[in-house]
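> Please work out how this folds:
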Amino acid sequence: MFRAWLSFRDLSTKVSFPSRPKRLSGYNLFVKTIWPSLKQENPGKDFQKVAFIAAKKWKAVDEHTKQLYANKARDIMVQQEKQYNEYLSSLNIEEIMATGQKAKHLHLRRKSRRLEAKVRQLKKPGPPRSAYTFFLH
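This next block holds a predicted model:
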């Protein structure tokens, strides 16, 4: 029993389960392509200002170009989903079980932390009453 637990623990730390790819929009792809040139044109500006310039450029782009970027983004997402599903199908049952247990453990740990924070919040004394609240009660 102990030996099986140790091997399971080792397996669960070795296997990393990639997250599902994030949705990519045409705007995201557009910004990825023009970002290096924008940073080069605006070296002293911070992220927020450069992102604002990128958004203005996106609004100025015609609908045909926006549709091209949206189609490219959709093709990339299809390719990423295909690669993700191929990876999932390549895992054996022990690896799948290990990653599931690891995810469950992380979820329970997060949940217990939230509950502990709520308990700490409840144990804190409230602020003192004001004269007005004394008057009301």
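> Model confidence for the residue positioned nearest the centre of the chain, exactly?
Nearest to the geometric centre of the chain sits Lys22, at 7.9 Å (Cα atoms, centre = their mean). At Lys22 the predicted local confidence, pLDDT, stands at 78.
> what secondary structure does it sit in?
When classified by DSSP: H, G, I helix; E, B strand; the rest coil, Lys22 comes out as coil.
> and it, backbone torsions?
With angles defined as degrees, to the nearest 10, Lys22 sits at phi -70, psi 150.
> So in the chain, where's the weakest helix or strand by average pLDDT?
Lowest by mean pLDDT, DSSP states H and E among the helices and strands of the chain is helix 2-14, with a mean of 50.
> Next secondary structure element downstream of that helix?
Per DSSP states H and E, the first helix or strand lying C-terminal to helix 2-14 is helix 26-41.
> list the helices and strands that following helix packs on?
Packed against helix 26-41 by the contact rule (3 or more Cβ pairs under 8 Å, 6 or more residues apart in numbering; DSSP states H and E) you find helix 47-60, helix 63-90. All C-beta atoms are positioned from the backbone trio N, CA, C, and that covers glycine.
> tilt between the longest one and helix 47-60?
Meaning helix 63-90. Put simply, helix 63-90 runs at 120 degrees to helix 47-60, going by axes from the mean of the first three to the mean of the last three Cα atoms, to 10 degrees.
> same for the helix or strand just after helix 63-90, what does it pack against?
Counting by DSSP H and E, the next helix or strand C-terminal to helix 63-90 is helix 93-123. Under the contact definition 3+ Cβ pairs under 8 Å, 6+ apart, helix 93-123 sits against helix 2-14.
> circling back to that earlier point, got the helices and strands packed on helix 26-41 as JSON lines, with mean neighbour count columns?
Formatted as JSON lines, the helices and strands packed on helix 26-41 follow (neighbours: other Cβ atoms under 10 Å):
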{"stretch": "helix 47-60", "mean neighbour count": "12"}
{"stretch": "helix 63-90", "mean neighbour count": "12"}
